[in-house]
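Chemist: got a sequence here, can you model it:
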Amino acid sequence: MINLIDFKYFIIEKKINEIGDYIPMEWEISKEDLANATYEFYLGPEKYEVFFSKVRDKEVHIYFSVDGDRSTITNTGNPLKVFSTVMGTIKDYLNKNQEINTISFTPEKNLGPEDNRRLDIYLYYINKFFPNSRISLEELPNGYVGVSAKIK
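Modeler: Numbering: from 1, shown residues only. Here you go, the predicted structure:
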């Protein structure tokens with residue numbers, strides 16, 4: 001007899017591992033200067049942008065938009081493609097900006113203040129790709145959480 005709790009955990013864990021291993025889609029850099037960079041990619045008709053903004057000499061804040069709206073929750077049904085592509089842009093940006101040792105971001109919420117699904121996925125990504133990172137969480141207004149990760 002199959003233990004359903006273990007089986008469900010296996011399926012969820014397998015999906016999360018697949019997210020981290022998916023091949024990113026193609027992107028292009030639409031803006032790049034000393035303090036900022038913007039990467040963009042398309043999934044269907046929607047334009048996704050990943051913004052990198054240096055807030056200190058060695059820290060970059062990362063945020064995301066869909067069709068120019070930063071508050072949009074994608075829910076495209078393609079999280080593997082989206083998360084893997086965003087992670088690909090982050091790796092590319094960090095390779096070009098070796099001095100960066102801290103990344104920060106604030107995950108969006110879909111179902112209200114208690115919704116931490118995106119936060120959980122982002123923390124999984126950080127731990128997978130930057131295993132020795134030190135993560136700090138800061139409670140922000142409206143239930144949001146600011147994340148700062150010292151990655152090196």
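
Chemist: going by C-alpha atoms from here, please, whenever you check contacts or count neighbours.
Modeler: Will do.

Chemist: could you identify the helix or strand that succeeds the one helix or strand residue 62 maps to?
Modeler: Using DSSP states H and E, residue 62 maps to strand 59-66. The first helix or strand that comes after strand 59-66 along the chain, using DSSP H and E, is helix 79-96.

Chemist: quick one: mean pLDDT for that next one?
Modeler: Average pLDDT, helix 79-96: 88.

Chemist: the residue nearest the centre of the chain - nearest residue in space that isn't next to it in sequence?
Modeler: By C-alpha atoms, centre = their mean, the chain has its centre lying nearest to residue 122, at 5.2 Å. Distances taken as C-alpha to C-alpha, 6 or more residues apart in numbering put residue 107 closest to residue 122, at 8.0 Å, once the chain neighbours are dropped.

Chemist: list the residues that contact that neighbour.
Modeler: Neighbour list for residue 107: 118-119, 122, 144-146 [criterion: C-alpha atoms under 8 Å, 6 or more residues apart in numbering].

Chemist: and it, what helix or strand is that in?
Modeler: Using DSSP H and E, residue 107 sits within no helix or strand.

Chemist: okay, it: pLDDT?
Modeler: For residue 107, the pLDDT comes out at 84.

Chemist: any buried residues in stretch 29-44, and which?
Modeler: Using 16 or more other C-alpha atoms under 10 Å as the test for burial, stretch 29-44 gives 37-42.

Chemist: gap between the two ends of it?
Modeler: 19 Å (C-alpha to C-alpha, to the nearest Å).

Chemist: any idea of the mean pLDDT in that stretch?
Modeler: The pLDDT scores in stretch 29-44 average 92.

Chemist: residue 36 is in contact with residue 52, correct?
Modeler: Yes. Counting by C-alpha atoms under 8 Å, residue 52 touches residue 36, with 5.4 Å between them.

Chemist: who are the packing partners of the top strand by length along the chain?
Modeler: Secondary structure assigned by DSSP state E gives strand 46-56 as the longest strand of the chain. On a contact count with 3 or more C-alpha pairs under 8 Å, 6 or more residues apart in numbering; DSSP states H and E, strand 46-56 meets strand 36-43, strand 59-66.

Chemist: out of those, which comes closest to residue 128?
Modeler: Across those, residue 128 has its closest neighbour in strand 59-66 (17.8 Å, C-alpha to C-alpha).

Chemist: now for that closest one, which elements pack on it?
Modeler: If contacts are counted by 3+ C-alpha pairs under 8 Å, 6+ apart, strand 59-66 sits against strand 46-56, strand 102-105.
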